[in-house]
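Chemist: Compute the structure for the input listed below.
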Amino acid sequence: MEKMKRTGLHGLCLAVLIVGLAVHEAKAVSVNNDGNITFADLPEGDPYSSPESFDEGSFPLPTTWDFIGNFLSSVSPGEPPYELINTVVGDFSSVDVALLTDNITTYQKNLLGFGVAFVIGVLFILIFPIVALCFCCCRCCCKNCGGKMHMDQKDNSCCRVMVYSILLLVSLVFIFAGAVTALCISGYTGSQAQTLPTRVSDNVQDLVLYLNNTLNEIDFVMTDQLAFTLDQVRDDLNGIGDLVGVPVRESLRTNVGPAIDSVIDMETNIDGTLSSMEAVDTLQATMEINRDTLDTNLTSILTTLSTLCGSCGCCTEATANLRNVQLKADYRDIDIGAGHGSFPQVLVDSSISELTDVSNRNLSEQALEGAQTFEDIPETLRNTTASDVADIIVTIDELEGTLNEFINTTTYTLQSFSGQVEPFDDTANDYLTTYAEDYDKYRAYVMYVFYGFILFIVILFLLGLLIGIFSYDRKASPTDRSSCSNCGGLFLMAGAGFVFIFGAFIMLITALTFIIGGPIDRLVCDPLVSGQLFAQTVDKYDGILEDGYYLGNLVFQDPSVPFQIGGFLDACEQNEAVYTAFLLENLFNITEFTDISSQIPNVDDQFANLTGDFSSVEILTDDTRQTLIDFRDSPADTINWTYFTDELAKVLIYDADGNVDSLSSLITALDTDAAATSSSSDATALNDISADLQTLQDDIVDVLLQDASDIASEIVTLTGYTDVIDTNVNDTIANAETAQDYIDNNVGTVVQASVVDYSARVLGYPEQFVTYATNELETTIGGCRPVYNLWNQAVNTLCIGILRSFNGLWFTLGWCIVFFMPALIFGVKLAKYFRTMDTSDGYSDNDDFEMQGQQHYG
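Modeler: Prediction:
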């Protein structure tokens, strides 16, 4: 039986623990680029119906409860026999006579006061009727005890009436207050009875609502928070290219990027070399044509001029020296056979041919193809690790399945518990409603009749007092008192008579209710409300067990666990998390459950397998390498331009007078001779030759001179390319090979390092979830204030709503009986001054007046 209890208790504790798996949501869950998840807040659950505080009623009820508590504390100042309780709870078989006798002192402090008070009540029940009987006999039979209708008239009669009236009135006020308080208690009890079904139903429904809110929170955390976390894991696993490949590529780029750029830049060198070579070749061809044109035309013009000057004798200025113009520079192709020319046309043609071939291969495109294999490292990694990533995703799916299976089991447990609570709610509600509607009204009727009778006695006394006082004539003789005054006295005696008749019965009710409710209130409810009942028994270290905590041993099978009812009630009052309040870490270690490495032990090895295959990454392809080699081996850099540039530096034309690169001196001389000759025909001929020379100067000589300057500049540009072809190509190939070696030798290490960070990021998601959920579980989730409210409502309903209301019966009855005694005494005495006497002694204000009355007994 004990084992079944523990199993059920463990199941309930486990169900309560899962309350803690809820997570907040007021804003949507999100994740930033660094992989940090911002989890949502817990969803707001449905509000609870039960109030957090208990209604103790309005004045005078709280004061009455305090009076009752203080009175019971004075009657029973001792504590309950905790040692005996601990022994009975721990091992009932060990209870013996010695243990009972050892606690006699405690029993005396606990029960002696109740016994004495009860005995006093019993003695009152026995003695008071005797006193009443004797009083009646004394008055009626013996004419004593105020029964003789004779009164001596005295000077202080008025003062006595006033004193007795005040004392009686004070007594009646206290009795009235007690009766009214009793009726208030009855009304409070009735309202408690009427609302008890609703309050019990609210508390039960709050418990069900607490479980339902928990189920909603569990569904929220598993459907949204955990699902989002695991989906983020899957997204990152599928995004391995971006999260691992990109960092790997960017890490390699520092050493690889310049090599790739240098290969791509060689396209510029090739195009620049070819462009400059073609420009030089084109300019030289033009210059060669113009030189030939210049040579032919200049020879023809000079021949004509020499003939004319020889026949006419008119060339005074155009002397023979001026006419001896010759070509100096030779821009033509080298012709070894002919022995002229300076331009290396054969090498130029060969270079252009090979450079054109190299250029047509589109080195930049070839280089970009190699560079693209480097840029595609993320895609390459994703493709070559697809199967390994799929294995990890399967592992994550299995983890999710395990968690969902556990949650489904727990959810079913909570739903089953909730389903068991709801029928109890219906049963309890029906029973309590029946009691409240069918039976509590009879209790109210009895209370109204009972305390109505007490008020009736109070009214009799009060009527007698008021009528007597208002009709009292201090100068009237006792035998001459008015009927109203006599009526007041009769009312007082009637009230006294009812006290004598029913006093013992009232005390009987008081004693019986006191001896039942008082000890329960003092020995059970007081320590229950204060918490001392638990603190000195089940919560006390070595209180029940010789060494350890009783509840820790009962619930967790570990007496060292300080599991205390008072502890978790205080924690729940502060709305602490149920996991912390109930010390559930001793039953279910959340750290073990949330240890990701234990849930997926092989995941590290699976991440270690994410190495990728980067054999396809080839910065310098064979085609690119051959293109670079062909560029390097072209004859462009072997051409010796010195001979040609020397020709460009020479004078193009000159005459015997030292004029160079210009025909202007000869043209000027011919114009002068033409102007000086008398022969018009000779003048015309000279002018024509001058014009031809000017045309030749403008169209050929000047152009050749400009082309010579341009081609010289182009050759400088060309040699700027060709002089470094070998160096650039060799360096580019070497750098590319070095970069390729760096990739081949280091990519594995770089990938491994990146995978470590990647693994930390991916596994960091569930770790973040675990940290978040654990923190919420230990600080916020399943705030158990509703549990405390349920306990508080139950204890206060029992101890205040029921027991204190019950104790209010004997307290108010005892209160009324206490003040009935002085009311009885002063009422009887006061009646003597109000009633009409049969005889009286003489009375005179001047002591010389004597009044004689009849000697008559009534």
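
Chemist: so where is the stretch 401-550 of the chain shaky, pLDDT-wise?
Modeler: Applying pLDDT under 70 to the stretch 401-550 of the chain flags residues 406, 410-438, 546.

Chemist: Report pLDDT for residue 29.
Modeler: Residue 29 is assigned 79 on the pLDDT scale.

Chemist: again, but for residue 819
Modeler: With respect to pLDDT, residue 819 has a value of 92.

Chemist: Next SSE downstream of the helix or strand where it lies?
Modeler: Residue 819 belongs to helix 805-834 when elements are defined using DSSP states H and E. Sequence order places strand 839-840 as the next helix or strand after helix 805-834, per DSSP H and E.

Chemist: partner strands of that following strand, parallel or antiparallel?
Modeler: Using DSSP bridges, the strands paired with strand 839-840 in its sheet are strand 150-151 (parallel).

Chemist: After the partner strand, which helix or strand is next? Please name it.
Modeler: helix 157-220.

Chemist: If you count contacts, what does that following helix end up packed against?
Modeler: helix 2-19, helix 61-75, helix 386-434, helix 440-471, helix 785-796, helix 805-834 (3 or more CB pairs under 8 Å, 6 or more residues apart in numbering; DSSP states H and E). C-beta here means a position set from N, CA and C on the backbone, and glycine is covered the same way.

Chemist: hmm, 7 Å instead?
Modeler: helix 61-75, helix 386-434, helix 440-471, helix 785-796, helix 805-834 (3 or more CB pairs under 7 Å, 6 or more residues apart in numbering; DSSP states H and E).

Chemist: which residues touch stretch 247-266?
Modeler: Outside of stretch 247-266, the residues within contact range by CB atoms under 7 Å, 6 or more residues apart in numbering are 363-364, 367-368, 370-371, 374-375, 377-378, 381, 619-620, 624, 628, 728, 732, 735-736, 738-739, 742-743, 747, 750-751, 754.

Chemist: Out of the helices and strands packed on helix 157-220, which is closest to residue 518?
Modeler: Among the helices and strands packed on helix 157-220, the nearest to residue 518 by CB to CB is helix 61-75 (5.8 Å).

Chemist: if I pick the closest residue in space to residue 747 that isn't next to it in sequence, what's in contact with it?
Modeler: In this structure, residue 747 finds its nearest non-sequential neighbour in residue 614, 5.0 Å apart by CB to CB, 6 or more residues apart in numbering. Taking CB under 7 Å, 6+ apart, we find residue 614 in contact with 377, 380, 743, 747.

Chemist: So what's the predicted local confidence for residue 614?
Modeler: For residue 614, the model assigns a pLDDT of 74.

Chemist: Using the three-state scheme, assign it.
Modeler: Secondary structure state of residue 614, per DSSP: H, G, I helix; E, B strand; the rest coil, is coil.

Chemist: what about the nearest residue to residue 578 once chain neighbours are set aside, how many neighbours?
Modeler: Spatially, and ignoring its direct neighbours in sequence, residue 578 is nearest to residue 782 (3.7 Å; CB to CB, 6+ apart). Look at residue 782: counted by other CB atoms under 10 Å, it has 29 neighbours.

Chemist: which ones are touching residue 503?
Modeler: Shown in contact with residue 503 (CB under 7 Å, 6+ apart): 128, 817, 820.

Chemist: hang on, isn't the second one packed against residue 506?
Modeler: Yes: with contacts counted by CB atoms under 7 Å, residue 817 reaches residue 506, the gap being 5.8 Å.

Chemist: Can you get me the centre-to-centre distance for stretch 36-54 and its chain?
Modeler: Here stretch 36-54 is found 13 Å from its chain centre; the criterion is CA atoms, centre = their mean, to the nearest Å.

Chemist: got a markdown table for the helices and strands packed on helix 157-220, with mean neighbour count and distance to residue 305 too?
Modeler: Below are the helices and strands packed on helix 157-220 laid out as a markdown table (neighbours: other CB atoms under 10 Å; distance: least, CB to CB, whole Å):
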| stretch | mean neighbour count | distance to residue 305 |
| --- | --- | --- |
| helix 61-75 | 16 | 146 |
| helix 386-434 | 15 | 91 |
| helix 440-471 | 18 | 154 |
| helix 785-796 | 20 | 127 |
| helix 805-834 | 23 | 153 |
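
Chemist: Any idea which of these gets closest to residue 654?
Modeler: Nearest of the helices and strands packed on helix 157-220 to residue 654, taken as CB to CB: helix 386-434 at 81.4 Å.

Chemist: CA atoms of stretch 633-640 as PDB?
Modeler: Extracted in PDB, the C-alpha atoms of stretch 633-640 (Å, rounded to 0.1, in the frame of the first residue of the first chain):
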ATOM      1  CA  ASP A 633      56.800  32.500 -75.100                       C
ATOM      2  CA  SER A 634      55.500  34.800 -77.800                       C
ATOM      3  CA  PRO A 635      58.400  36.800 -79.600                       C
ATOM      4  CA  ALA A 636      56.900  40.100 -78.400                       C
ATOM      5  CA  ASP A 637      59.500  40.500 -75.700                       C
ATOM      6  CA  THR A 638      62.400  39.400 -78.000                       C
ATOM      7  CA  ILE A 639      62.100  42.300 -80.500                       C
ATOM      8  CA  ASN A 640      65.000  44.700 -80.400                       C
END
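
Chemist: of the helices and strands packed on helix 157-220, which approaches residue 47 most closely?
Modeler: Residue 47 lies closest, by CB to CB, to one member of the helices and strands packed on helix 157-220: helix 785-796, at 10.7 Å.

Chemist: So which elements touch the closest one?
Modeler: helix 157-220, helix 565-573.

Chemist: Please tell me how far the nearest residue to residue 232 once chain neighbours are set aside sits from residue 400.
Modeler: Residue nearest to residue 232 in three dimensions, not counting chain neighbours: residue 765, with 5.1 Å by CB to CB, 6+ apart. Here residue 765 is placed at a distance of 12 Å from residue 400 (CB to CB, to the nearest Å).

Chemist: Helix or strand next in line after the longest helix anywhere in the chain, which one?
Modeler: Scanning the chain for the helix with the most residues, using DSSP state H, yields helix 246-312. Downstream of helix 246-312, the first helix or strand assigned by DSSP H and E is helix 320-323.
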